[in-house]
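In: no sequence on this one, just coordinates:
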């Protein structure tokens, strides 16, 4: 191995591996959490920040306010090693964009950190429509998590954005701080629907084994998903 390759390998070993997983988490369910655990393992991450979005511009308004969704996320994560409920986007005024969150994480962990933004295939399919999508790659890697029964073709705009960024495995991805793309299929692939969970809670049906017990208990006790629940006061963000 050349001196340059040895230096690069040593730098990679020293650099922290940090993940960001955003979403509405409305509510957080076992599919979200199991995927987070498996993503943490697959990429050998040191920490995975799970970040509730106040109001993504490309999706409908969440039913429950962001602070309540963050509290459910904290309850769901509990003491799970490596997962962190991060409410940083809730304190912003105005739009909350993923690129801004990545910029904050990059500043916190340093230029050599291996920074990853994970997202599902449905969100990835619309990546070219996001705010400043090129900036995402300038700040971090993007990891696309396959969703059971969903395999859309990349649009021409998305293919142009991807260019030659895609790599085949995590270790190749982690050779640099950012700028790459990796598609992963996680082992469990739990096809749990937050929409179905909300419907069940609204109609008094069982959500046992779809939510962590702490999340189920809090959602039921606080009647968060009942028709009389308070309207969301979330701000617009991505």
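Out: The structure has been received and is ready for your questions. The structure presented is a predicted model; accordingly, all values stated were derived computationally and were not measured.
In: helices or strands up against whatever helix or strand residue 183 lives in?
Out: Per DSSP states H and E, residue 183 falls inside strand 181-184. Secondary-structure packing of strand 181-184 (3 or more CB pairs under 8 Å, 6 or more residues apart in numbering; DSSP states H and E): strand 141-145, helix 170-173. Every residue, glycine included, has its C-beta placed from N, CA and C.
In: Which residues does it contact?
Out: Residues outside strand 181-184 that contact it (CB atoms under 8 Å, 6 or more residues apart in numbering) are 39, 42, 137, 141-146, 162, 165-170, 173.
In: mind listing what's buried in the helix or strand that residue 219 is a member of?
Out: Per DSSP H and E: residue 219 is located in helix 213-221. Within helix 213-221, the residues that count as buried by 16 or more other CB atoms under 10 Å are 215, 216, 218, 219.
In: and residue 88, what does it touch?
Out: Residue 88 neighbours (CB under 8 Å, 6+ apart): 51, 101, 104.
In: Show me how far stretch 101-118 is from its chain's centre.
Out: Centroid displacement of stretch 101-118 relative to its chain, using CA atoms, centre = their mean, to the nearest Å, is 14 Å.
In: Next, the distance between the ends of it.
Out: 13 Å (CA to CA, to the nearest Å).
In: Tell me the buried residues in it?
Out: In stretch 101-118, counting by 16+ other CB under 10 Å, buried: 101, 102, 104, 105, 106, 109, 113, 114, 115, 116, 117, 118.
In: Please report phi then psi for the fourth one.
Out: Backbone dihedrals for residue 105, given as degrees, to the nearest 10, come out at phi -60, psi -40.
In: My guess is it contacts residue 20. True?
Out: Yes. Distance between residue 105 and residue 20: 6.2 Å, which falls inside the contact criterion (CB atoms under 8 Å).
In: which residues do the two both contact?
Out: When contacts are counted by CB under 8 Å, 6+ apart, residue 105 and residue 20 have 49, 115, 140 as shared neighbours.
In: Closest one of those residues to residue 62?
Out: Taking CB to CB as the measure, residue 49 is the one of the shared contacts of residue 105 and residue 20 closest to residue 62, at 18.8 Å.
In: Per-residue pLDDT of the closest one, please?
Out: Turning to residue 49, the model gives it a pLDDT of 98.
In: How many neighbouring residues does the closest residue to it other than its chain neighbours have?
Out: In this structure, residue 49 finds its nearest non-sequential neighbour in residue 86, 4.2 Å apart by CB to CB, 6 or more residues apart in numbering. With neighbours defined by other CB atoms under 10 Å, the count for residue 86 comes to 21.
In: Report the separation between residue 86 and residue 209.
Out: For residue 86, the distance to residue 209 equals 27 Å [CB to CB, to the nearest Å].
In: okay, and for the chain, where does confidence drop off?
Out: Along the chain, segments meeting pLDDT under 70 span 1-13, 56-61, 94, 148, 228-238.
In: can you give me the helices in it?
Out: With DSSP state H as the definition, the chain shows helices at residue ranges 3-14, 30-42, 66-77, 98-109, 121-125, 133-139, 156-162, 170-173, 194-202, 213-221.
In: Do I have it right that residue 82 meets residue 45?
Out: Yes. Using CB under 8 Å, residue 82 makes contact with residue 45 at a distance of 6.4 Å.
In: Between those two, tell me which one has more neighbours.
Out: Neighbour totals were compared for residue 82 and residue 45, and residue 45 leads with 22 against 16 (other CB under 10 Å).
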